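# This is the structure alone, sequence omitted:
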């Protein structure tokens, strides 16, 4: 019975560790959503065409864009101030106390538009060559790939194979 349980556990562990593959071919300068949701990129394989070098930018995002917009938010700002308290005792003696306290004020932070996403990596390969890039690259939102290959009006392309697994 112990062996059966160990075999069953190792079967589920192997299922969890299996990798999937996504393939994208680029012929234009575009930003493409390759995978959505959180993932771990185990490795990448890039291949360039004979037209020229193939340059990619990897981004952790869930929409095909290299910029994002932050919505307006409410934030709290702490500041110190003095609070003066006057106390008149039963015998008629007046006591004045000054205490420094922390006060929280609310402020509104305006929306930010076109905030650039920091890329996970810049990858490049020469014409008619292939490149294997070992991972792991951890993406919390998804994987977006941006083709940066261009020479004047000539758009250079290539293909990418992403070996990944879900966390």
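Right, received. Where do you want to start? A quick note: this is a predicted structure, and the numbers were derived from the prediction, not measured. Residues are numbered from 1 along each chain as shown.

# Helix or strand for the most far-flung residue of the chain relative to its centre, just tell me which one.
Each residue of the chain has a distance to the centre, and by CA atoms, centre = their mean the biggest one is for residue 91: 66.9 Å. Using DSSP states H and E, residue 91 sits within no helix or strand.

# what about it, distance to residue 97?
As judged by CB to CB, to the nearest Å, residue 91 and residue 97 stand 17 Å apart. From N, CA and C alone the C-beta is placed, and that goes for glycine too.

# Residues in a beta bridge with residue 75, which ones?
residue 107 (DSSP bridges).

# May I have the residues that are in contact with it?
For residue 75, the residues meeting the contact criterion (CB atoms under 8 Å, 6 or more residues apart in numbering) are 106, 107, 108, 109.

# quick one: pLDDT of residue 9?
The per-residue pLDDT reported for residue 9 equals 67.

# do residue 31 as well
Residue-level confidence at residue 31 comes out at 86, pLDDT.

# Hmm, it is touching residue 66, no?
Yes - under the criterion of CB atoms under 8 Å, residue 31 lies in contact with residue 66, with a separation of 5.8 Å.

# residues contacting residue 139?
Contacts of residue 139 (CB under 8 Å, 6+ apart): 35, 38, 39, 40, 41, 60, 120.

# redo that, cut-off 10 Å
By CB atoms under 10 Å, 6 or more residues apart in numbering, residue 139 lies in contact with 34-41, 58-62, 120, 164, 167.

# before we move on, what about residue 54?
Residues counted as contacts of residue 54 (CB under 10 Å, 6+ apart) are 26, 46-48, 123-127, 129-131, 147-149, 156-160.

# rerun that using 6 Å as the cut-off
By CB atoms under 6 Å, 6 or more residues apart in numbering, residue 54 lies in contact with 48, 125, 149, 158.

# likewise residue 43?
By CB under 6 Å, 6+ apart, the neighbours of residue 43 are 134, 135, 163.

# do residue 21 as well
Applying CB under 6 Å, 6+ apart, the residues near residue 21 are residue 163.

# one step back: mark which of the contacts of residue 43 are buried, thanks.
Neighbour-count burial (16 or more other CB atoms under 10 Å) applied to the contacts of residue 43 gives residue 163.

# what pairs with residue 103 across the strands?
Under DSSP bridges, the residues paired with residue 103 across the bridge are residue 79.

# how far away is it from residue 109?
19 Å.

# Count the neighbours of residue 29 for me.
Using other CB atoms under 10 Å, residue 29 has 14 neighbouring residues.

# what about it, which SS state?
For residue 29, the secondary structure call by DSSP: H, G, I helix; E, B strand; the rest coil comes out as coil.
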